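K.L.:
Okay, here's the prediction I keep looking at, along with the sequence it came from:
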Amino acid sequence: MEAITTMFTTLQTSLLSLVLPTAVIALVLWFLMNALAPVIPDWAQAARGHLQRVLLGVVVVGFATTIVTALYGLGGAGGAVGGG
């Protein structure tokens with residue numbers, strides 16, 4: 001169980017190094033496209049939809065690894081406490 005928890009913690013750390021910069025860039029571009037929507041409405045509408053999907057993916061990846069790591073951590077700790 002310890003190996004699985006360590007694996008998910010390592011995966012979470014690796015993904016967070018990619019997810020946070022991606023989220024910041026997508027958020028900045030999304031605000032920029034909202035500001036430019038009156039000037040170029042077709043481009044802004046199409047790109048805004050894509051960036052919303054990117055932001056949703058970032059949130060899902062960030063939360064999924066955190067939840068899985070937490071559940072494995074709770075399962076490992078509960079077994080150790082109950083078995084002792």
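P.N.:
Sure, I can see it.

K.L.:
Leaving out sequence neighbours, find the closest residue to L16.
P.N.:
The shortest distance from L16 to any non-neighbouring residue, by CB to CB, 6 or more residues apart in numbering, is to G62 (6.9 Å). For the C-beta atoms, the positions are set from N, CA and C on the backbone; glycine is no exception.

K.L.:
ok, that neighbour touching T13?
P.N.:
No. Applying CB atoms under 8 Å, one finds G62 not in contact with T13, separated by 11.7 Å.

K.L.:
What strand or helix carries V19?
P.N.:
For V19, the host element (DSSP states H and E) is helix 2-36.

K.L.:
Helix, strand, or coil at the residue nearest to L16?
P.N.:
Assigned state for G62: helix (three-state reduction, DSSP: H, G, I helix; E, B strand; the rest coil).

K.L.:
and it, what does it touch?
P.N.:
Shown in contact with G62 (CB atoms under 8 Å, 6 or more residues apart in numbering): L15, L16, V19.

K.L.:
Need the pLDDT of it.
P.N.:
Per-residue pLDDT puts G62 at 74.

K.L.:
Point to the residue nearest the middle of this protein.
P.N.:
Compute the mean C-alpha point of the chain, and by CA atoms, centre = their mean the closest residue is G62, 2.6 Å away.

K.L.:
Any figure for the gap between that one and R53?
P.N.:
From G62 across to R53, the span is 15 Å (CB to CB, to the nearest Å).

K.L.:
do the same with T6
P.N.:
Computed as CB to CB, the T6 to R53 distance reads 32 Å.

K.L.:
now T69
P.N.:
Distance from T69 to R53, by CB to CB: 25 Å.

K.L.:
go on, G75?
P.N.:
In terms of CB to CB, G75 sits 32 Å off from R53.

K.L.:
Please apply the same query to W30.
P.N.:
11 Å.

K.L.:
who's more crowded, the two?
P.N.:
Legend: neighbour count by other CB atoms under 10 Å for W30 and R53, higher for W30 (18 against 11).
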